[in-house]
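In: Pasting a predicted model and its sequence here:
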Amino acid sequence: MDKKRIAVPLVCHGHSRPVVDLFYSPVTPDGFFLISASKDSSPMLRNGETGDWIGTFEGHKGAVWSVWLDTNALRAASASADFTAKVWDALTGDVLHSFEHKHIVRACAFSEDTHLLLTGGVEKVLRVYDLNRPDAPPREVDKSPGSVRTVAWMHSDQTILSSCTDMGGVRLWDVRSGKMVQTLETKSSVTSAEVSQDGRYITTADGSTVKFWDANHFGLVRSYNMPCTVESASLEPKYGHKFIAGGEDMWVRVFDFHTGDEIACNKGHHGPVHCVRFSPGGESYASGSEDGTIRIWQTGPLTHEDTGSFAANCSSGKVQVSAEEVSRKVEGLHIAEEGKTKEKEARNE
């Protein structure tokens, strides 16, 4: 790992405006998927392994700030500046539910059991919608102290995590009581908060630092200063020995989790990096940028150390399918047809 490798990413075009959020589904029997949010108002679904475009979700009338896929990648959620959060059928591209808000919706997240949708935004209200009763009014937790920037679920859907645009800190809310139970203090506003796949850590990016918190006892485990202001960070999900960060200098960097040393620096974006995410198996990671592209970077060959752990873990989550099989599955669905036309138009403009 001493030599820094020059990585050649898969470059995914299609968005006509900046890419502001990315989310990977868990590994499903059909492989895993990547969804992207963009200021062009049209979230896109891709094969998470190859980056191949599958479809475009059309219906928002404003920038889309946040996207999510449910556990089986059968439904997608999006939060938009058009004052709505929408739930989509990820196979057909149809809108299943559209939830009206009174202001810009900045963040959304499906619960682990997929029955609930959490939203937050400029209204400073965290809402929980029951997707089994979509017409019922949402449950509101205690008023957020500021405009909501990020949301996530923890502790088997018993805890909600949120951060604000205009103040530091991550707040944790008890779902049953609706009350705030803990604040993780940061100097700057937290622009990215990710709960690790094994539920052990919360990874946050605030200003020019990346922090790792104990997700159960809430103590600060690690804090590293970054070379620039970073907007997003993600922890490698399989072994947790490295993390990625991206920000205003347009580069996507890989760091050692235990020491904070830089392992790799990936150059290629032509604008600030707004979001970075590891794939569910850790074999690749994606970055989204102001330049409107998504780049998928391979993590690189496993080291001897990794190979040992990999052999021990190889039974978990190695279900994958080829891009062809995925394409065959969605062939003939109108999401594919509509999106192809859109993508051609975007390219011709």
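Out: Now that the structure is in, tell me what you want to look at.
In: Which parts of this structure are helices?
Out: With DSSP state H as the definition, the chain shows helices at residue ranges 304-313, 323-330, 334-348.
In: For the protein, name the helix or strand with the lowest mean pLDDT.
Out: Scoring the helices and strands of the chain by mean pLDDT, DSSP states H and E places helix 304-313 at the bottom, with a mean of 34.
In: Let's test this: mean pLDDT of stretch 157-172, rounded?
Out: Across stretch 157-172, pLDDT averages out at 97.
In: Can I get it in PDB? Just the C-alpha atoms.
Out: What follows is stretch 157-172, C-alpha atoms only, in PDB (Å, rounded to 0.1, in the frame of the first residue of the first chain):
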ATOM      1  CA  ASP A 157     -35.200   2.000  13.400                       C
ATOM      2  CA  GLN A 158     -35.400   3.000  17.100                       C
ATOM      3  CA  THR A 159     -33.200   6.100  16.700                       C
ATOM      4  CA  ILE A 160     -33.200   8.900  14.100                       C
ATOM      5  CA  LEU A 161     -30.000  10.900  13.300                       C
ATOM      6  CA  SER A 162     -30.100  14.400  11.800                       C
ATOM      7  CA  SER A 163     -27.800  17.300  11.100                       C
ATOM      8  CA  CYS A 164     -28.500  21.000  10.300                       C
ATOM      9  CA  THR A 165     -27.400  23.300   7.500                       C
ATOM     10  CA  ASP A 166     -26.800  26.300   9.700                       C
ATOM     11  CA  MET A 167     -25.200  24.900  12.900                       C
ATOM     12  CA  GLY A 168     -22.800  22.200  14.000                       C
ATOM     13  CA  GLY A 169     -23.500  18.900  15.600                       C
ATOM     14  CA  VAL A 170     -25.400  15.600  14.900                       C
ATOM     15  CA  ARG A 171     -28.700  15.100  16.800                       C
ATOM     16  CA  LEU A 172     -30.100  11.800  17.800                       C
END
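In: Distance from it to the middle of the chain?
Out: Taking Cα atoms, centre = their mean, to the nearest Å, the mean C-alpha location of stretch 157-172 is offset from the chain mean by 16 Å.
In: what does stretch 82-93 give?
Out: Mean-position distance between stretch 82-93 and its chain equals 16 Å (Cα atoms, centre = their mean).
In: same deal with stretch 277-289?
Out: The mean C-alpha position of stretch 277-289 is separated from the chain mean by 9 Å, Cα atoms, centre = their mean.
In: Same check on stretch 233-244?
Out: That offset, for stretch 233-244, works out to 14 Å (Cα atoms, centre = their mean).
In: list the buried ones in that stretch?
Out: A233, S234, L235, E236, P237, K238, G240, H241, K242, F243, I244 (16 or more other Cβ atoms under 10 Å). The C-beta positions use only the backbone N, C-alpha and C, and glycine is treated the same way.
In: For these, name the two members farthest from one another.
Out: Spatial extent of the buried residues of stretch 233-244 (Cβ to Cβ) is set by the pair A233 and K238 at 16.8 Å.
In: Stretch 137-147: end-to-end distance?
Out: Its first and final residues considered, stretch 137-147 spans 21 Å by Cα to Cα, to the nearest Å.
In: And stretch 12-24, by the same measure?
Out: Across stretch 12-24, the terminal residues are separated by 15 Å (Cα to Cα).
In: for the stretch 1-150 of the chain, what are the low-confidence residue spans?
Out: 1-6 (pLDDT under 70).
In: can you do 80?
Out: 1-7 (pLDDT under 80).
In: okay but T183 is in contact with W173, surely?
Out: No: using Cβ atoms under 8 Å, T183 is not in contact with W173; the gap is 10.4 Å.
In: Tell me which of those two has more neighbours.
Out: More crowded of T183 and W173, by other Cβ atoms under 10 Å: W173, with 22 against 13.
In: Tell me how far E123 lies from Y129.
Out: If you measure E123 against Y129 using Cβ to Cβ, to the nearest Å, the figure is 14 Å.
In: same question, H13
Out: 33 Å.
In: Mind checking which of these two has more residues around it?
Out: For H13 versus Y129, the count of surrounding residues by other Cβ under 10 Å is larger for Y129: 22 against 13.
In: wait, what's in contact with D256?
Out: H241, K242, E262, I263 (Cβ atoms under 8 Å, 6 or more residues apart in numbering).
In: again, 7 Å this time
Out: Going by Cβ atoms under 7 Å, 6 or more residues apart in numbering, D256 touches K242, I263.
In: hey, what's it bridged with?
Out: Beta-bridge pairing of D256, defined through DSSP bridges, involves K242.
In: before we move on, what about S36?
Out: Under the criterion DSSP bridges, S36 forms beta bridges with L22, M44.
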